[in-house]
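1. sequence below, structure please.
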Amino acid sequence: MINRRDFIGLSLKSIVLIGAGSALQSFTPGSFALPPRKKVKLRFALASDGHYGQPDTSFVAHHDNMVALLNKEASGRGLDFTVINGDVFHNDPKLIHPAKAAWDKLSMQYHVSHGNHDMIDESEWEKVFGTRWHYDFKQGDNAFLVLNTADVKGKYVCPDLDWTREHLARHRNAKNLFVIQHITPVKWTEHGIDCPELVEMFSAQPNLRAVFHGHDHAEDGMKEKNGKHYFFDGHLGGSWGKPYYGYRIVEVLRSGEVLCYQVNPAQEAPVNSTTVKR
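-> Numbers count the residues shown, from 1 in each chain. Here you go, the predicted model:
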C-alpha cells in the first residue's frame, strides 16, 4: 500500500495519461483470453469509493475519467449496468447531489450501495437514488441483493439479518444470486467487520455466486470463505489505496460459469481474474 504523498503524485500522473488519451482505451485482454461475446449472457461493472468532494483530491477528474471508461466499455463489449459500491460522496450530505449528477453521465443503468462515508439519512438517500439502504433487483434470471454496512454517522454495522434472510429465501430459485455490500463481513482486512451470522447465511445459499465489496481501497482481489467468493475492486477516488483507479467486470456466461476480473485501465492484462464454476 502506498502512502498518501506518493499516491497524490501517482494520481496526477494518471490524470495526465487519461487526459492524453493513453489510458482511456477499452480494456484489451492481451494474453488473457476473454470468451466470445456471444457466450456472455450478462455483463456488468462494479466501481467503488469515489469519495466525491473529499478535500485535496481530484474528485471531479476521477469521476469524469471513470464515467468515460465505463461508457467506453458499454460501447465496446457492452455493459448491462454498473454498480457504484459505496462511498459515493465524502461525509457532507450536500455532496450527494453533485455526486449523482456525475454518475448520471453514464450511458447505462446504474445501481448504488450505501457506504460509511455516505453520511446522510436513509430517507434523504431514497429521495435522491430511489432506493432504501437494503434493496433487491433482478436482471433476467439473475438476482441481486444490495445490503447496508454503515449507519448515518459512518459506524460500521452488519446488514439487517432479518431482511437478508427473507430476501435470500425469496431469491432461492434464481439461477444466480449476487450480493453487493460496501464493507466485507469477514475481518480479513484492517477495515473489515465480522458478521458471522451473515456469513453463515451466505455459506448456506446454494445459488450465491459472488459477494462484492468496496471500502478497502488497498484490496483488489478475491477471498474465499466456505466455498463462496468475496471480491474487492480497489477504488476510483479517495486519498489512499492501490496506485491506480480501477473497476471490476463480471461476465455471466451461458455455460453457467461467472468470470470476474479486475481492470487497471493503464495496462492491457487484467490485474487478476477468477472463474466461478457452476
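2. which other helices and strands contact the strand or helix carrying Phe212?
-> For Phe212, the host element (DSSP states H and E) is strand 208-213. Using 3 or more Cβ pairs under 8 Å, 6 or more residues apart in numbering; DSSP states H and E as the contact test, the elements touching strand 208-213 are strand 81-85, strand 176-181, strand 228-232, strand 247-253, strand 258-263. (Glycine included, C-beta is placed from N, CA and C.)
3. can you redo these as TSV with mean neighbour count, mean pLDDT and distance to Gly115?
-> Formatted as TSV, the helices and strands packed on strand 208-213 follow (neighbours: other Cβ atoms under 10 Å; pLDDT from 0 to 100; distance: least, Cβ to Cβ, whole Å):
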stretch	mean neighbour count	mean pLDDT	distance to Gly115
strand 81-85	25	98	8
strand 176-181	25	98	10
strand 228-232	22	98	14
strand 247-253	23	98	16
strand 258-263	22	98	19
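4. tell me the SS of the residue nearest to Tyr156 when sequence neighbours are not counted?
-> If you skip the residues right next to it in sequence, Tyr156 has Ile193 as its closest partner in space, 4.6 Å away by Cβ to Cβ, 6 or more residues apart in numbering. Judged by DSSP: H, G, I helix; E, B strand; the rest coil, the three-state class of Ile193 is coil.
5. now Ile193: how far from Asp216?
-> 11 Å (Cβ to Cβ, to the nearest Å).
6. equivalent analysis for Ala143, please.
-> Per Cβ to Cβ, Ala143 is found 25 Å from Asp216.
7. quick check: end-to-end length of stretch 79-88?
-> Its start and end residues considered, stretch 79-88 measures 20 Å (Cα to Cα, to the nearest Å).
8. repeat that for stretch 113-133.
-> Taking Cα to Cα, the first and last residues of stretch 113-133 lie 7 Å apart.
9. list the buried residues of it.
-> Buried residues in stretch 113-133, counted by 16 or more other Cβ atoms under 10 Å: Ser113, His114, Gly115, Asn116, His117, Asp118, Met119, Ile120, Trp125, Phe129, Thr131, Trp133.
10. what segments of the stretch 1-150 of the chain are strands?
-> Per DSSP state E, counting those that start in this stretch, the stretch 1-150 of the chain carries strands over the ranges 40-47, 81-85, 109-113, 135-139, 142-147.
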